[in-house]
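> Need a 3D model of the sequence below.
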Amino acid sequence: MPQAHYIKPNRFDTILNNAVGWLARRGISLMGTAELSVRGRTSGEWRAIPVNPLPYDGGPYLISARGHSQWVRNLRAAGGGQLKVGRRTQQFTAVELPDDQKPDLLRTYLERWGWEVGRFFGEVDARSTDEELLAAAHRHPVFRITVTG
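Take a look at the predicted model:
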C-alpha cells in the first residue's frame, strides 16, 4: 500500500491555525470555520484544530485539504467528535466516503475555499474535470458528519 498523502503545516500555517482556532473558540467564525475536537487515538485526550465544515446536500462534510492528517486518523478511530463555535458545541458521528463519491464535494469545497486551501490540491482546482478530481480523491479524506447533540 502506498504511503498516505499528507502535507505537514509549516510555521506560518501553525500560527494561522492557532489564531483561527482562538477566534472560533470565542464565537468568531471566519467564512464558516469551526474548531474540530476529536479524541486522540492513542492518548484519548481531546485534540483541536480549525476546519471548514462544508454545507452540502446531505451534509455537512469535513474535507482534509492536507491529506491523511492527525485529525483524520483520530476521527477514523473515534468515529465522531465535536464542532465548536463559541459556546455552541455540536457532537457528531462521522462516516468516511469512498473516492468515487468525492468529486462534486471536492469541487464545491475548492469553489468556496480554494483561495485558502488550493495549494494543497496541486494541479486540481474547482474547474477540474470529474476525472481529475477522482484521480486526486485518494489524497483528500472526506467525512459526512451527522450532528447528534
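
> can we go C-alpha only for contacts and neighbour counts from here?
OK.

> For the strand or helix carrying Gly114, which helices and strands make contact with it?
Using DSSP states H and E, Gly114 maps to helix 103-117. Applying 3 or more CA pairs under 8 Å, 6 or more residues apart in numbering; DSSP states H and E, we find helix 103-117 packed against helix 130-136.

> Can you list the buried residues in stretch 16-31?
Buried positions in stretch 16-31, judged by neighbour count with 16 or more other CA atoms under 10 Å: Asn17, Val20, Gly21, Trp22, Leu23, Ala24, Arg25, Ile28, Ser29.

> pLDDT value on the third one, please?
Okay, so that is Gly21. pLDDT for Gly21: 85.

> Verify the stated contact: it with Ala34.
Yes. Using CA atoms under 8 Å, Gly21 and Ala34 qualify as a contacting pair, with a distance of 7.4 Å.

> picking that back up, quick one: buried residues of the helix holding Gly114?
For helix 103-117, a neighbour-count test (16+ other CA under 10 Å) marks Pro103, Asp104, Leu105, Leu106, Arg107, Thr108, Tyr109, Leu110, Gly114 as buried.

> about what we covered before: helices - which of the buried residues of stretch 16-31 land there?
Taking DSSP state H as the definition of helices, these contribute Asn17, Val20, Gly21, Trp22, Leu23, Ala24, Arg25.

> Just send these back as CSV, with distance to Trp71 too.
Converted to CSV, those look like this (distance: CA to CA, whole Å):
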residue, distance to Trp71
Asn17, 13
Val20, 16
Gly21, 14
Trp22, 17
Leu23, 19
Ala24, 17
Arg25, 18
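
> Show me which pair in the residues you listed is furthest apart.
Asn17 and Arg25 (12.1 Å; CA to CA).

> Now do the helix holding Gly114, average pLDDT.
95.

> Name the residues that touch it?
Helix 103-117 has contacts (CA atoms under 8 Å, 6 or more residues apart in numbering) with 54, 56, 63, 65, 118, 125-128, 130, 133-134, 137.
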